[in-house]
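Trainee: just the structure for this:
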Amino acid sequence: MIDTAVMGAEYWFTNLRETVRFDAALDALLAAGHRVFVEASPHPVLTGAVTQAAEGHGVAGVSAVGTLRRNEGGDARLLQSVAEVFVAGVDVDWSPWVAGGRLVELPT
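Mentor: Model prediction:
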């Protein structure tokens, strides 16, 4: 964990030239109890790596959600990603999606 105030030009210059330690960062997040991961990318490629690493460490209940897909954007894709996060157990504020409408109970 770092203070984002130190993430200036020098930080990013150095960051681009050092080894990516994705495994160490993921291990720390899993150890801290994080179970839902969102990959903000136009082509999510790490979601599978996240779930496989979690399984390899014996950590259950991990969800990794991508935000966009190639040739899929807009409200429909975003709403699907938000729904996936909701199903994974994250509390979602749905009010922006139903503004002016109403929520109804669906049959089980």
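
Trainee: for this structure, what spans make up the strands?
Mentor: 36-39, 63-66 (DSSP state E).

Trainee: now do the buried residues in the first one.
Mentor: Right, strand 36-39. For strand 36-39, a neighbour-count test (16 or more other C-beta atoms under 10 Å) marks F37, V38, E39 as buried. From N, CA and C alone the C-beta is placed, and that goes for glycine too.

Trainee: packing partners of that strand?
Mentor: Judged by 3 or more C-beta pairs under 8 Å, 6 or more residues apart in numbering; DSSP states H and E, strand 36-39 is in contact with helix 47-56, strand 63-66, helix 74-87.

Trainee: looking at these, spot the one closest to V104.
Mentor: Each of the helices and strands packed on strand 36-39 has some distance to V104 by C-beta to C-beta; the shortest is helix 74-87, at 16.4 Å.

Trainee: that older thread, which of the helices and strands packed on strand 36-39 is buried the deepest?
Mentor: Mean neighbour count, computed with mean count of other C-beta atoms under 10 Å, is highest for strand 63-66 among the helices and strands packed on strand 36-39, reaching a mean of 21.

Trainee: need the buried residues of strand 36-39 in TSV (columns: pLDDT and distance to T4).
Mentor: Listed next are the buried residues of strand 36-39 as TSV, based on pLDDT from 0 to 100; distance: C-beta to C-beta, whole Å:
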residue	pLDDT	distance to T4
F37	96	19
V38	94	18
E39	92	19
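
Trainee: export the strands of the chain to a markdown table and append columns for distance to H57.
Mentor: As requested, the strands of the chain are exported to a markdown table (distance: least, C-beta to C-beta, whole Å):
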| stretch | distance to H57 |
| --- | --- |
| strand 36-39 | 14 |
| strand 63-66 | 14 |
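
Trainee: thanks a lot, see you next time.
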